[in-house]
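In: just need the structure, nothing else, for what follows:
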Amino acid sequence: VQGGLGGFFAGYVPGADPVEFPAGTGKLLRTGSYLVFQMHYTPNGRATSDQTEIGLYFTSQPPQRELLTTAAYDTGFEIPPGARDHEVAAETVIDRDSWLYEMSPHMHFRGARMRIEAQYPDGASEVLLKVPGYQFNWQRVYRLNDPRRLPAGTRIRIVGGFDNSRWNPWNPDPTRRVLFGEQTSDEMLIGYLNLAAE
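Out: Residues are numbered from 1 along each chain as shown. Now for the predicted structure:
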């Protein structure tokens, strides 16, 4: 699904805890389906090996709702060299009445903050998640205490702030112009959403 941008079946990122899907939900894995792994490795100059495993839990009965992962993202941004708080935004529209269960911001080492908000069809809006101190090594899935109903036409907007300055201790190179890319020395702006149709 667009290399993970538009969604995924399951994923792991640094700092994530293994968690079960929200109660009453599950993901559909059809008979004969193929699972495609997308692994991000960074060469370190030494030969090494990896033994990746995946564990799946199946239900004996279909869940009440099918959980889907989608996202708001931007792949066309540019972060100037030395920028202390460069802001990038992206949007997606929810095309059918849905229940939002979880959100997960994803950026790399220059990611400093992210906000996810809903702009409803009736003109109302609200902040769903605010992460003022984003850190790549502690990426979380934020589960709502109660699922939030998103009517069809709800616009999800994410706003991320990037610190490409020398004051960011995780910054690989503050003199570099940074674009979207899959290496952690590049950047990403993705706000993942786990939701189910009503």
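
In: which residues of this protein fall in strands?
Out: Taking DSSP state E, the strands of the chain run over residues 25-26, 65-73, 78-79, 86-93, 98-106, 111-119, 125-131, 142-150, 155-162, 178-179, 190-197.

In: relative to Leu35, which of the ones you listed is closest?
Out: For Leu35, the closest of these is strand 65-73, at 14.3 Å, according to CB to CB. To be clear about C-beta, it is placed using only N, CA and C from the backbone, and glycine gets the same treatment.

In: and the angle from that closest one to strand 86-93?
Out: Between strand 65-73 and strand 86-93, the angle formed by their directions is 140 degrees, by axes from the mean of the first three to the mean of the last three CA atoms, to 10 degrees.

In: can you point out the buried residues in strand 65-73?
Out: 65, 67-73 (16 or more other CB atoms under 10 Å).

In: can I get those residues in JSON lines with distance to Thr154?
Out: JSON lines is the format used below for the buried residues of strand 65-73 (distance: CB to CB, whole Å):
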{"residue": "Arg65", "distance to Thr154": "17"}
{"residue": "Leu67", "distance to Thr154": "18"}
{"residue": "Leu68", "distance to Thr154": "15"}
{"residue": "Thr69", "distance to Thr154": "17"}
{"residue": "Thr70", "distance to Thr154": "12"}
{"residue": "Ala71", "distance to Thr154": "15"}
{"residue": "Ala72", "distance to Thr154": "11"}
{"residue": "Tyr73", "distance to Thr154": "17"}
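
In: which regions of the chain sit below the pLDDT cut-off?
Out: Residues of the chain meeting the criterion pLDDT under 70: 1-3.

In: before we move on, back to that, wait, which of the strands of the chain is closest to Gly45?
Out: When those are compared by CB to CB, strand 178-179 sits nearest Gly45, at 23.3 Å.

In: that closest one pairs with which strands, and in what direction?
Out: strand 78-79 (antiparallel) (DSSP bridges).

In: for the strands of the chain, which one sits closest to Tyr34?
Out: strand 65-73 (17.3 Å).

In: nearest spatial neighbour of Phe77, skipping sequence neighbours?
Out: Val88 (4.5 Å; CB to CB, 6 or more residues apart in numbering).

In: repeat for Arg113
Out: Leaving aside its chain neighbours, Arg113 sits nearest to Gly161 (4.3 Å; criterion: CB to CB, 6+ apart).

In: could you do Thr184 as well?
Out: Distances taken as CB to CB, 6+ apart place His108 nearest to Thr184, at 4.8 Å, with adjacent residues excluded.

In: in stretch 158-175, what's buried?
Out: Using 16+ other CB under 10 Å as the burial criterion, the residues of stretch 158-175 that qualify are 158-165, 168, 171, 174.
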